Every structure is written in structure tokens, then in C-alpha cells.
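Participant: got a predicted model here, sequence first, then my questions.
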Amino acid sequence: MLLPLLVFCTTVFVYTQVILPAQEKRKDLVTLSDMVHDQLPFYDCREPINLFMAVSETLFAWEIFWYWSWYNIQFTLWFFSFLFLIRSVMLLLTPLKVPKQGVLLGDTFCKWIVTEEFQNDLFFSGHVSSLCAMYCSSHTNFAFIYGVMALLTAIAMLLSRVHYTIDVVVAPFVVYALHRWMELSNFP
């Protein structure tokens, strides 16, 4: 149990203290043209996004505390560690700049760990992938709530121009592929 916790803490530290600041300082960031953004109206949905995340994170913590076995906790720590690792690699490989008119989200999770605000951590959406990971990891009826919150968050992120369409579309596929691989390989 100690090793997965140590790996998780290390990946979160490297992601927040090394990868995110490095991504913000890059000079080769590009802005994409997004046809979905062109069709959607702009709304500032920061508050609903933060609410969806806070509700989901609270339910997930409660679910872990009351319902899960040590094996489930260990599996989920590895799962989220690999997800942070994959997202870190993807951020380094895809130098995207925040979309035009994009709002600064003010992520609650990052505020707990780092004091800086980041906005060029785009491909793939960390919010949508986290909610999808909660959906895949859930062993209760809360899974439905996580799925709905992931869908609502994806829509809100597109309306707020926080992410490109490709960022929110790819996230569930990456999460599902990782979760399926871990299940099929009997990891850990």
C-alpha cells in the first residue's frame, strides 16, 4: 500500500511542480482553429465547473473511505498515477495555447498544491479525465453521477473556451483505455 501512495504523490508533485510550470513557459505554443467553438456561444462557466468537480471529489473521497477494500484503493492510486504520467507526456508532446476568449479556470485542485494559475495544460482535459477516472473506478451507484458530471463539465469547458474540442473528446478514451489495460493485465 505504501508504494502506490508514494508513486501517486511523486507523480502529482512532478506534474504540478515541474510539468505545468514548464508548459506555461514554452515559447512554441500554438492556437488551434476549433469549429465547435465557432458554433457555440461563449459563457463563463467557471463556477459550475468548480462545483461539479467539488461535488464529485467529495463523493469519491466518501466512497473510498466507506466502501472500498485496500485492493481497490491500491488499484486506484496506480490508475491515477498512470493517468498523471500519461497526461504529463501528452502535455509535453502537444504544445497548445489556450483557445481565443478562453477563461482562466482557477482550478481548486491546483490551488491546494501550487499557488500559480495555469492555463496552457490542454491536451487532454484533466477535469474530464479525472471525472471519467472516478466513473471507471467507482464501485457504487455514484458512477452514474461521475458520468453525468463528466459530460456537464465537458460541455461547460467548451462553452467557456477552457479547452479545445479535441481535448475533451480524447480524455474519456484515454481513461477507458488505461483502465481496461490495467484490468486485463491484472495490475497491480
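Facilitator: On my side now, so go ahead.
Participant: from here on, contacts and neighbour counts on C-alpha atoms
Facilitator: Noted.
Participant: sketch out the low-pLDDT regions of the protein for me.
Facilitator: Scanning the chain for pLDDT under 70 picks out 106-117.
Participant: contact partners for the residue lying farthest from the centre of the chain?
Facilitator: Distance to the chain centre peaks in the chain at Gln39, reaching 24.8 Å (criterion: Cα atoms, centre = their mean). The contact partners of Gln39, taken as Cα atoms under 8 Å, 6 or more residues apart in numbering, number zero.
Participant: can you tell me how far it is from Ser160?
Facilitator: According to Cα to Cα, to the nearest Å, Gln39 and Ser160 sit 13 Å apart.
Participant: Phe60 contacts Cys136, correct?
Facilitator: No - using Cα atoms under 8 Å as the test, Phe60 is too far from Cys136 to be in contact (11.5 Å).
Participant: in this protein, which spans are helices?
Facilitator: 2-14, 20-25, 35-39, 46-67, 70-93, 108-113, 126-137, 142-160, 165-184 (DSSP state H).
Participant: those helices: which one's closest to Lys100?
Facilitator: helix 35-39 (9.3 Å; Cα to Cα).
Participant: got the buried residues for that closest one?
Facilitator: His37 (16 or more other Cα atoms under 10 Å).
Participant: pull the CA atoms of it into PDB?
Facilitator: C-alpha atoms of helix 35-39 as PDB (Å, rounded to 0.1, in the frame of the first residue of the first chain):
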ATOM      1  CA  MET A  35     -15.100  24.600 -35.500                       C
ATOM      2  CA  VAL A  36     -17.200  23.700 -32.400                       C
ATOM      3  CA  HIS A  37     -16.100  26.900 -30.600                       C
ATOM      4  CA  ASP A  38     -17.100  28.800 -33.700                       C
ATOM      5  CA  GLN A  39     -20.700  27.400 -33.500                       C
END
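Participant: lovely, talk soon.
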